[in-house]
Structure formats: C-alpha cells, structure tokens
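J.: Quick one, fold the following:
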Amino acid sequence: MTTSQDIHFQLMTGLKYILPMIALGLLSVMFYMSQSVPEESTIPYSERRLYDRAKGPQVSAPYFTGVTGAGDRLSMSAMSVKPDQSVDEDLEIDQVVLRIKTGPNQDILASSDSGLIRNEKGLLVMEGNVQVVTNDGYQLSASRITSKMEALWLYADGPVKGTGAAGVLEAGSMEILRDSETGNLQFIFKDGIKLIYDPKT
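T.: Predicted coordinates for the structure are as follows:
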C-alpha cells in the first residue's frame with residue numbers, strides 16, 4: 001500500500017512540472033506559426049478578372065470536340081467561356097485553341113487570345129494574336145480567323161504572314177477547305193500574294 005502511494009505521489013509531482021512545460025511549448029509553436037502567416041494573402045487573379053467572374057456565369061477550361069461529315073476531327077479548348085453581353089446566342093471565349101485533324105499525318109492548329117462562338121451561324125471567330133500552324137510546314141499569323149464548327153473550313157483575314165513549304169509568304173487572305181470534287185485539302189491564298197522562294201525548304 002505504501003509503495004502504491006509513493007508511486008502516485010511521485011507521478012503527481014512529476015506532472016506538476018511536465019504539464020506546464022508542455023503547455024509552454026505549445027504556446028511557443030502557435031506564436032511562431034502565427035508570425036509566418038502573411039497578413040494579406042496574394043490573390044492569383046487580377047482585379048479585372050475578378051470583376052469578370054463576378055459579373056456573370058462562365059465555364060472555366062471548356063473543351064468541345066466533334067467529327068465532320070468528311071471524317072475530320074475538330075476540337076476546341078479555351079481558358080474560359082461566357083455569354084456574350086450583346087448577343088444572347090453568342091459566347092465569348094478567352095485563350096482559344098482550335099485543332100483540326102484532317103488525317104493520320106496532318107493537323108491544323110489555330111490559336112488566339114480571344115474569340116466568339118456564333119451559335120446561330122455555327123461559326124468560331126478568333127481574334128487577337130492569331131496563329132496558324134500545320135505539321136506540313138505552315139507557320140502563319142493573321143488578324144482574324146473564321147472557322148465553321150461543323151465542317152472543315154477556315155478563313156483568315158489579312159495580312160496573312162509567315163512561312164510555308166516554299167518559303168516566306170504574305171497574302172491578303174487565306175482559305176483552308178476540302179475540294180468538293182476530289183476531297184483533297186486546299187490552302188488558297190488570295191488578295192495580293194508575295195512569296196520569297198527558299199530552295200532549302
């Protein structure tokens with residue numbers, strides 16, 4: 001009985017010293033953690049983007065894909081899409097990328113800073129730093145591109161500038177489509193064509 005009482009007494013005495021030290025250690029840890037947290041958190045969005053997000057409904061990182069009657073695969077991705085403020089049926093898109101896969105060895109990739117989906121007409125309009133790249137040698141820039149959503153047809157408003165299989169070229173406009181008779185893919189440059197031929201290419 002005496003031994004049990006001695007152990008209990010020693011345990012209680014030890015806890016009187018240990019528990020305050022543990023509490024002091026926890027308080028110190030909480031103090032240092034509060035010092036490391038910044039008073040104002042950095043928001044990874046500009047004020048303009050926050051305003052746009054609060055202004056109306058939108059979808060982030062949308063992705064659309066489909067197949068034309070000729071078997072071409074069309075896909076479109078963007079940073080965001082939201083209703084157009086001026087036309088109810090249209091959609092505004094931000095940082096859009098259009099990919100047209102026309103066959104096992106041919107891709108057309110078009111990108112722009114912004115654009116519009118005109119649902120009533122079935123068109124995609126791309127504007128702002130428009131770029132067109134194909135895996136058979138074309139690297140072009142244009143002021144605007146209009147593309148059909150259900151068929152392979154792409155029209156670029158000029159000036160269209162860049163490089164192609166034959167060298168450096170410039171034109172007032174460009175049209176990409178399938179020939180209705182042969183089914184072959186055609187790149188048609190119009191309205192004042194300038195070509196600097198490069199024999200190396």
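
J.: Using the record's assignment, carve this protein into domains.
T.: What automatic domain parsing lists as the domains of the chain is 1-42, 58-197.

J.: Select from those the stretch with the lowest mean pLDDT.
T.: Looking over the domains of the chain, mean pLDDT reaches its minimum on domain 1-42, with a mean of 52.

J.: Please identify the most buried of the domains of the chain.
T.: Across those, averaging neighbours per residue (mean count of other Cβ atoms under 10 Å) puts domain 58-197 on top, at a mean of 16. (Each C-beta comes from the backbone N, C-alpha and C, glycine too.)

J.: Not counting sequence-adjacent ones, nearest residue to A70?
T.: Residue nearest to A70 in three dimensions, not counting chain neighbours: R178, with 5.9 Å by Cβ to Cβ, 6 or more residues apart in numbering.

J.: With I193 as the reference, measure out to that neighbour.
T.: As defined by Cβ to Cβ, to the nearest Å, R178 lies at a distance of 21 Å from I193.

J.: who touches R144 in this structure?
T.: Under the criterion of Cβ atoms under 8 Å, 6 or more residues apart in numbering, the neighbours of R144 are 125-127, 130, 156-157.

J.: Got the phi and psi for D72?
T.: Main-chain torsions, D72, degrees, to the nearest 10: phi -80, psi 140.

J.: Nearest residue to it in space, ignoring adjacent ones along the chain?
T.: If the residues on either side of it in the chain are set aside, D72 comes closest to L152, at 4.6 Å by Cβ to Cβ, 6+ apart.

J.: Closest one to T163 out of the contacts of R144, please.
T.: Top of the list for closeness to T163, among those and by Cβ to Cβ, is A156 at 14.7 Å.

J.: In this structure the residue nearest to A70 contacts L152, no?
T.: Yes: the pair R178 / L152 is scored as a contact, 5.3 Å apart, by Cβ atoms under 8 Å.

J.: Which neighbours do the two have in common?
T.: Here R178 and L152 have 70, 72, 185 as joint contacts, going by Cβ under 8 Å, 6+ apart.

J.: what's the closest non-adjacent residue to M126?
T.: Once its chain neighbours are removed from consideration, M126 has its nearest residue in S112; the separation is 3.7 Å (Cβ to Cβ, 6+ apart).

J.: Which element, helix or strand, includes that neighbour?
T.: Counting by DSSP states H and E, the secondary-structure element that holds S112 is strand 106-118.

J.: Give the partner strands of that strand in its sheet and their orientations.
T.: Looking at strand 106-118 with DSSP bridges, its paired strands and their directions are strand 90-103 (antiparallel), strand 123-134 (antiparallel).
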